[in-house]
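[1] Got a sequence here, can you build the structure:
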Amino acid sequence: MGWKVVERKIGRAGGEKQRAARQREWDRQYGADSWAVGYLIDGEFVLQEIALQSVYYGSYEAYFRDHLDDLAELIAVARVLRNPHAEATTGVDLQVPVIMQYLRDHSLELQGSEVVDIGTWDGQRSHAISVRLSPLHIPCVLEPKLTLEQWWQTRKCLAVWSEE
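    Residues are numbered from 1 along each chain as shown. Below is the predicted model of the structure:
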């Protein structure tokens, strides 16, 4: 009894309409409460919500530990963070909530006066730190040769609950 991976490398979540359509198809194919998106970590299927903490948060945590100057710059410059790609595409924003959680967990607050993008959209960025803090540049804590974005997108899989 447990999760059985049925599709590997399912790719990007996409915008709201694309996500909803994929989820409806999985509901139809596997049953509304019988599937989950997640990752294989050490040979075990891990729900996406858990991987978000262990891998996504963990990667930013390791990055900030090793790049204190970037953390200090972010805190000094930013009043608010935004993900321009997620806003433009109705995609899922993971990096801003994770960074904000990291700041809360470490009793840190943004002290600046500017809106700072985390990542880019259409080649535009608000600050140089926008690129450095993009998941396209943050090393994955589990596989440092991959960026967080590469790992997150290529390792994502679909599993169904099996009673066997």
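
[2] residue boundaries of the strands in the protein?
    For the chain, the strands defined by DSSP state E cover 2-8, 35-41, 44-47, 78-82, 114-117, 156-162.

[3] Report the angle between the last one and strand 2-8.
    Okay, so that is strand 156-162. Per axes from the mean of the first three to the mean of the last three C-alpha atoms, to 10 degrees, the angle that strand 156-162 makes with strand 2-8 is 140 degrees.

[4] packing partners for strand 156-162?
    Secondary-structure packing of strand 156-162 (3 or more C-beta pairs under 8 Å, 6 or more residues apart in numbering; DSSP states H and E): strand 2-8, strand 35-41. C-beta here means a position set from N, CA and C on the backbone, and glycine is covered the same way.

[5] Tell me which of those lies nearest to Arg19.
    The closest of the helices and strands packed on strand 156-162 to Arg19 is strand 35-41. By C-beta to C-beta, the value is 10.1 Å.

[6] Going by neighbour count, which residues in the closest one are buried?
    Within strand 35-41, the residues that count as buried by 16 or more other C-beta atoms under 10 Å are Trp35, Ala36, Val37, Gly38, Tyr39.

[7] what's the closest of those to Ile10?
    Distance to Ile10, by C-beta to C-beta, is smallest for Val37 among the buried residues of strand 35-41, at 7.0 Å.

[8] what are the bridge partners for the closest one, then?
    Going by DSSP bridges, Val37 is paired in beta bridges with Leu158.

[9] Okay, helices next: where are they in the chain?
    For the chain, the helices defined by DSSP state H occupy 16-30, 48-51, 58-66, 68-77, 84-89, 95-105, 128-132, 148-154.

[10] Please list all residues in contact with Glu109.
    The contact partners of Glu109, by C-beta atoms under 8 Å, 6 or more residues apart in numbering, come to Ile75, Leu103.
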